[in-house]
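J.: Sequence first, predicted coordinates after that:
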Amino acid sequence: MLLRVRVTLPDRPGTLGQVARTMGVSGADIVQVVVLERLGGRAVDDFTVVWPGAARVERLLAGLAAIPGVRVDGVWRAIGAPTTSGQDAELLAQVAANPADGVATLVDAVPGLLAADWAVAAVVPVDWASRTGAAGEATIGYASWRAPVPPPLPEVTPLRARAISTPGGAHVAVAPFGRAGLVLVAARECVGTPAAAAFHATEVDRLAQLVRAAAVILGDRLDLVGAAPLAANP
């Protein structure tokens, strides 16, 4: 199975090599490394690895913990093959080619792009600023195939791109379309130990860029998303 492993490590020569060797010895086959952040002598890296299903992840965690200065921020299952920003343009091309299904195409693709469990396009009431508990009144315009019914939405107002960790143990990334109260919500469920990492700022930025670009492409079609409830993708 594919796992995403987020590691904070000292940003100095040799440390990344130690982490990679430890993963290999533990049984992980690294297929992708993405640097999320380099700041103040520290780096945050996401490793996507092929992990033998019968092996215990605790062996990997113990090996990484033994490297001085290394911290594991999360380990969780990834959906599909690892992707990079190169797929973003292809996704937007698909949205433009079939705008009638543009929101559904975007929502279905986001979990794979961001190693999330599910995603939804939620519609927040236009007068959310004058209400309390507006997120609880949001309707679902479209849900990806793994989304629970009903999806547990956090308080997404005010509508701005950000990461949220909910009391129920989920990590959420929120990005508004800037039209019709429509907002895209992606979630990672934190089940078991180790658990998924929170959405990093670079992941939130990527989601926000995709949503803004899709909004430009779809234009008035976004007004139709909340007009009639759509069933979750089976």
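T.: The structure has been received and is ready for your questions.

J.: which residues of this protein fall in strands?
T.: With DSSP state E as the criterion, the chain has strands at 2-10, 29-39, 42-50, 71-77, 118-123, 139-143, 162-165, 170-176, 182-189.

J.: Who are the contact partners of residue 196?
T.: 4, 74-76, 171, 188-190 (CB atoms under 8 Å, 6 or more residues apart in numbering). Every C-beta, even on glycine, is put in place using the N, C-alpha and C of the backbone.

J.: Also residue 121?
T.: By CB under 8 Å, 6+ apart, residue 121 lies in contact with 103, 106-107, 140-143, 182-185, 225.

J.: In TSV: the strands of the chain, plus mean pLDDT.
T.: Formatted as TSV, the strands of the chain follow (pLDDT from 0 to 100):
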stretch	mean pLDDT
strand 2-10	94
strand 29-39	92
strand 42-50	94
strand 71-77	91
strand 118-123	94
strand 139-143	91
strand 162-165	94
strand 170-176	94
strand 182-189	93
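
J.: can you put these in a markdown table and add distance to residue 65?
T.: Output for the strands of the chain, formatted as a markdown table (distance: least, CB to CB, whole Å):
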| stretch | distance to residue 65 |
| --- | --- |
| strand 2-10 | 11 |
| strand 29-39 | 18 |
| strand 42-50 | 15 |
| strand 71-77 | 7 |
| strand 118-123 | 30 |
| strand 139-143 | 37 |
| strand 162-165 | 23 |
| strand 170-176 | 22 |
| strand 182-189 | 22 |
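
J.: Out of the ones you listed, which is closest to residue 97?
T.: strand 139-143 (17.8 Å; CB to CB).

J.: that older thread, the strands of the chain: which one's closest to residue 87?
T.: Proximity to residue 87 (CB to CB) singles out strand 29-39 among these, at 12.3 Å.
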